[in-house]
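Engineer: coords please:
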Amino acid sequence: MIATWLPDGIGVVAAGVLIVASFFTSLLTASFGIGGGLVLLSIMTYVMPVSALIPVHGAVQFGSNAGRAAMQRNFIAWRELFAFMAGGTIGAFAGAQIVVELPEAWLQLILGTFVILVTWIKPPSARRMGLGLFALTGAITTFLTMFLGATGPLNVAAFEKSFADRKQMVATLAALMTSQHILKMLAFGLAGFAFADWMPLIGLMILTGFAGTRTGLAILGRISEDIFRKALKLIMTAIGLDMLRRGIALF
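Structural biologist: Next comes the predicted model:
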């Protein structure tokens with residue numbers, strides 16, 4: 001009976017893995033502001049058709065980030081969000097037009113290097129980014145998310161020093177990623193992807209992701225600022241190294 005609600009190519013066991021994974025990866029992102037989307041995408045590569053990977057991941061992440069942003073709306077930096085969305089609209093449109101893509105191996109190497117450098121090297125300029133740079137970053141990372149899926153680490157690497165505390169950072173990043181996934185879903189929908197076939201599974205993954213978000217936010221409030229920053233740096237470094245590993249493996 002359950003199988004009749006699932007899209008072609010997805011069995012009951014695979015669906016169960018994805019639903020449970022959505023809980024734990026949302027918990028990770030709510031606790032540390034990063035990592036859950038990339039971990040979920042990695043898990044999805046083992047149990048889903050490649051053609052559905054990026055659009056379904058975007059829809060699930062939209063639900064997860066939207067729930068987290070709604071629960072923390074009082075901490076969102078709205079001016080920065082609107083600047084990011086303005087640039088993101090341009091990036092989504094440009095990404096939808098591109099036919100020739102940079103090879104995935106090179107993209108992984110470039111992005112992995114970028115995440116590690118920005119994490120460990122303090123730039124000599126002001127630590128806080130202006131609205132113009134928020135818009136530019138929105139254009140770039142939204143363009144990249146059309147091909148890579150999980151660009152949360154790039155946004156964290158760019159904006160981590162632009163917020164006063166972890167609550168404002170986690171809330172605003174959730175809102176930024178919500179806008180980015182909306183734009184991505186619109187682009188894939190216009191390109192003809194059949195989201196309706198995947199909606200039962202997407203809906204269940206969003207529900208478990210919401211539960212994971214609530215659990216993760218409770219953990220967030222109990223973590224000291226120092227421990228949070230150190231854990232964030234370690235997670236970002238691990239993600240960057242994994243990008244480099246996957247890029248090298250593709251050659």
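
Engineer: In the stretch 101-250 of the chain, where is pLDDT below threshold?
Structural biologist: 101-102, 104, 118, 122-127, 220-221, 223, 225 (pLDDT under 70).

Engineer: Next secondary structure after the helix or strand hosting Phe159?
Structural biologist: Here Phe159 is covered by helix 152-159, with elements defined by DSSP states H and E. Tracing the chain C-terminally past helix 152-159 and defining elements by DSSP H and E, one meets helix 166-190 next.

Engineer: For that next one, which helices and strands make contact with it?
Structural biologist: helix 50-71, helix 78-97, helix 131-148, helix 152-159, helix 199-220, helix 225-249 (3 or more C-beta pairs under 8 Å, 6 or more residues apart in numbering; DSSP states H and E). For the C-beta atoms, the positions are set from N, CA and C on the backbone; glycine is no exception.

Engineer: quick revisit: gap between the helix holding Phe159 and the chain center?
Structural biologist: 9 Å (C-alpha atoms, centre = their mean, to the nearest Å).

Engineer: circling back: quick one, which of the helices and strands packed on helix 166-190 is nearest to Ile121?
Structural biologist: Minimum separation from Ile121 across the helices and strands packed on helix 166-190 (C-beta to C-beta) falls at helix 152-159, 10.7 Å.

Engineer: the inter-axis angle of the closest one versus helix 50-71?
Structural biologist: In terms of direction (axes from the mean of the first three to the mean of the last three C-alpha atoms, to 10 degrees), helix 152-159 departs from helix 50-71 by 50 degrees.

Engineer: In JSON lines, list the helices and strands packed on helix 166-190 along with distance to Ser179 and mean neighbour count.
Structural biologist: What follows is the helices and strands packed on helix 166-190, written out as JSON lines (distance: least, C-beta to C-beta, whole Å; neighbours: other C-beta atoms under 10 Å):
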{"stretch": "helix 50-71", "distance to Ser179": "9", "mean neighbour count": "22"}
{"stretch": "helix 78-97", "distance to Ser179": "5", "mean neighbour count": "19"}
{"stretch": "helix 131-148", "distance to Ser179": "8", "mean neighbour count": "21"}
{"stretch": "helix 152-159", "distance to Ser179": "11", "mean neighbour count": "23"}
{"stretch": "helix 199-220", "distance to Ser179": "17", "mean neighbour count": "19"}
{"stretch": "helix 225-249", "distance to Ser179": "22", "mean neighbour count": "16"}
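
Engineer: Can you redo these as JSON lines, where the extra columns are distance to Met177?
Structural biologist: Listed next are the helices and strands packed on helix 166-190 as JSON lines, based on distance: least, C-beta to C-beta, whole Å:
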{"stretch": "helix 50-71", "distance to Met177": "4"}
{"stretch": "helix 78-97", "distance to Met177": "10"}
{"stretch": "helix 131-148", "distance to Met177": "9"}
{"stretch": "helix 152-159", "distance to Met177": "6"}
{"stretch": "helix 199-220", "distance to Met177": "12"}
{"stretch": "helix 225-249", "distance to Met177": "15"}
